[in-house]
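Trainee: Task: produce atomic coordinates for the following.
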Amino acid sequence: MSILPITGAILAGGKNSRMSSEKSLLTFNDVKLIDKILRTLDSCFNETIVITDKEILKEHLSGRKVYPDIFIQSGALGGIHSALTNARNDAVFIVACDMPNLSKKIVTSLTFYYHHNCDKKLLVLKHSQGLEPLHSIYCKSCLPIIENQLKANKLKISHMYRLFNTDYFEVSDELIHTFQNINTQNDLSLWQEMYS
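Mentor: Sure, this is the predicted structure:
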């Protein structure tokens with residue numbers, strides 16, 4: 001599959017309140033997590049950016065396109081806003097920085113569907129356990145409504161889907177593990193046991 005004119009954006013602005021260190025810099029099989037995700041996105045898209053205010057990540061990502069949040073302390077929705085504002089493409093695939101099982105096959109299937117079949121502003125990945133807002137595609141025409149949500153401090157991403165012409169990309173439950181997040185030391189230990 002050819003590289004698509006979509007921007008891949010990693011949101012890496014979380015507080016890591018439940019981890020003792022910066023989780024996006026955790027090492028798996030000698031590769032830092034954020035570098036692993038970057039490699040996947042680089043192989044899929046013609047632009048990859050990172051949204052973070054963290055100096056430790058800015059230093060690690062020297063030479064990369066790194067942008068801060070515009071709306072400070074606005075959670076993932078603020079990160080999506082910054083990604084859409086700074087991306088050079090109209091469509092942006094948003095992913096969290098703490099997904100060690102990110103699947104290139106799923107990313108390419110989602111983006112191929114968006115590029116060739118979807119005429120909606122949003123394409124949200126879903127499965128039987130719910131939605132994956134941080135494994136979905138947003139477009140720049142969403143920005144005015146997102147800004148309104150941010151200014152009103154309405155930060156829950158899924159609540160704004162009804163405000164857009166939203167499409168959903170459903171995957172089977174056997175793929176749910178690919179959306180696993182590393183949020184706690186227990187999550188990290190379980191992941192290392194499973195894949196060591």
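
Trainee: so where do the strands sit in this structure?
Mentor: 4-11, 27-28, 31-32, 45-51, 65-67, 91-96, 122-127, 130-139, 166-170 (DSSP state E).

Trainee: If you average pLDDT over each of the ones you listed, which is lowest?
Mentor: Mean pLDDT values for these show the minimum at strand 27-28, a mean of 80.

Trainee: In contact with the closest residue to C142 other than its chain neighbours, which residues?
Mentor: Nearest residue to C142 in three dimensions, chain neighbours excluded: K121, at 5.5 Å (CB to CB, 6 or more residues apart in numbering). C-betas here are computed from N, CA, C, even on glycine. Shown in contact with K121 (CB atoms under 8 Å, 6 or more residues apart in numbering): 138-139, 141-142, 164-166.

Trainee: Quick check: phi and psi on K121?
Mentor: Taking degrees, to the nearest 10, you get phi -80, psi -30 for the backbone angles of K121.

Trainee: Contacts for the longest helix anywhere in the chain, please.
Mentor: Counting residues, the longest helix found in the chain (DSSP state H) is helix 104-117. When contacts are defined by CB under 8 Å, 6+ apart, helix 104-117 is touched by residues 1, 4-6, 8, 40-41, 43-45, 91, 93, 95, 123, 125, 135-137, 169, 171, 175, 178.

Trainee: Show the buried residues in those residues.
Mentor: 4, 6, 8, 40-41, 44-45, 91, 93, 95, 123, 125, 135-137, 169, 171, 178 (16 or more other CB atoms under 10 Å).

Trainee: how much space between the most centrally placed residue in the chain and I72?
Mentor: Against the mean C-alpha coordinate of the chain, by CA atoms, centre = their mean, the closest residue is V95 at 1.2 Å. To I72, V95 is 22 Å away according to CB to CB, to the nearest Å.

Trainee: what's the answer for H116, then?
Mentor: Counting by CB to CB - H116 and I72 are separated by 37 Å.

Trainee: Restricted to buried residues, select the contacts of K121 in PyMOL.
Mentor: The buried residues among those can be selected in PyMOL (16+ other CB under 10 Å) with this line:
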select buried, resi 138+139+142+164+166
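
Trainee: List just the nearest of the contacts of K121 to V50.
Mentor: Y138 (16.1 Å; CB to CB).

Trainee: Which strand residues bridge the closest one?
Mentor: On the basis of DSSP bridges, Y138 is bridged to V92, L122.

Trainee: residue contacts, it?
Mentor: Going by CB under 8 Å, 6+ apart, Y138 touches 80, 83-84, 91-92, 94, 121-122.

Trainee: Then F71?
Mentor: Contacts of F71 (CB under 8 Å, 6+ apart): 78, 81-82, 150.

Trainee: Quick check: phi and psi on it?
Mentor: In this entry, F71 is assigned phi and psi values of phi -100, psi 110 (degrees, to the nearest 10).

Trainee: who's in contact with L155?
Mentor: Here L155 is in contact with 74-78, 149 (criterion: CB under 8 Å, 6+ apart).

Trainee: thinking again about what came up before, list the buried residues of the longest helix of the chain.
Mentor: Buried residues in helix 104-117, counted by 16+ other CB under 10 Å: 106-108, 110-111, 114.
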